[in-house]
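Enquirer: Everything below, folded, please.
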Amino acid sequence: MMGTHGATFAAIGGVFIRVEQILQHCRMKRDILNVAVGGFVAVTTVMGLKGSAFAFTSAFLDAGNQTIKHDTGKEYYPYTLKKRPQTAD
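Expert: Okay, the predicted model is just below:
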């Protein structure tokens, strides 16, 4: 099962790098637009129409230099920082 995920990841990465390099060479610029277009083309090419909505959203956020999170100053951890009360066994 992990073999198919690895192959998909490798295919997306390969297409992404190739498209980004082609755009960089043609435009003579190295900027976020190359990355956004490369990501969109890579995900849409490999994943088809299922991935195109995700790819469009990601490219839109990257090209606009936007984020979907707001910095509230609070840090989130994958574990709790509070001590658990001792239970008698």
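Enquirer: Please state the offset of the one helix or strand A53 maps to from the chain centre?
Expert: Assigned by DSSP states H and E, A53 falls within helix 49-63. A distance of 9 Å separates the centroid of the chain from that of helix 49-63, by CA atoms, centre = their mean, to the nearest Å.
Enquirer: Okay, now the unreliable bits of the chain?
Expert: 1-3, 62-72, 75-78, 81, 89 (pLDDT under 70).
Enquirer: which residue is nearest the middle of it?
Expert: For the chain, the residue nearest the mean C-alpha position is S58 (7.0 Å; CA atoms, centre = their mean).
Enquirer: residues touching that residue, list them.
Expert: Counting by CB atoms under 8 Å, 6 or more residues apart in numbering, S58 touches 36, 39-40, 43. Placement of C-beta: from N, CA and C, glycine included.
Enquirer: same thing but at 6 Å, please
Expert: S58 makes contact with G39 under the criterion CB atoms under 6 Å, 6 or more residues apart in numbering.
Enquirer: Quick check: it vs T44, distance?
Expert: 11 Å (CB to CB, to the nearest Å).
Enquirer: The lengthiest helix in the chain vs helix 49-63, what angle?
Expert: Assignment by DSSP state H gives helix 2-27 as the longest helix of the chain. With axes from the mean of the first three to the mean of the last three CA atoms, to 10 degrees defining the directions, helix 2-27 sits at 50 degrees from helix 49-63.
Enquirer: counting contacts, what elements does the helix or strand just after helix 2-27 pack onto?
Expert: Using DSSP H and E, the next helix or strand after helix 2-27 towards the C-terminus is helix 32-47. Packing contacts for helix 32-47, counted by 3 or more CB pairs under 6 Å, 6 or more residues apart in numbering; DSSP states H and E, involve helix 2-27, helix 49-63.
Enquirer: What are the buried residues along helix 32-47?
Expert: Within helix 32-47, the residues that qualify as buried are 33-46, counting by 16 or more other CB atoms under 10 Å.
Enquirer: Would you format those as CSV with distance to H25 included?
Expert: CSV is the format used below for the buried residues of helix 32-47 (distance: CB to CB, whole Å):
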residue, distance to H25
L33, 14
N34, 10
V35, 15
A36, 17
V37, 13
G38, 12
G39, 18
F40, 18
V41, 15
A42, 17
V43, 21
T44, 21
T45, 19
V46, 22
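Enquirer: That'll do, ta.
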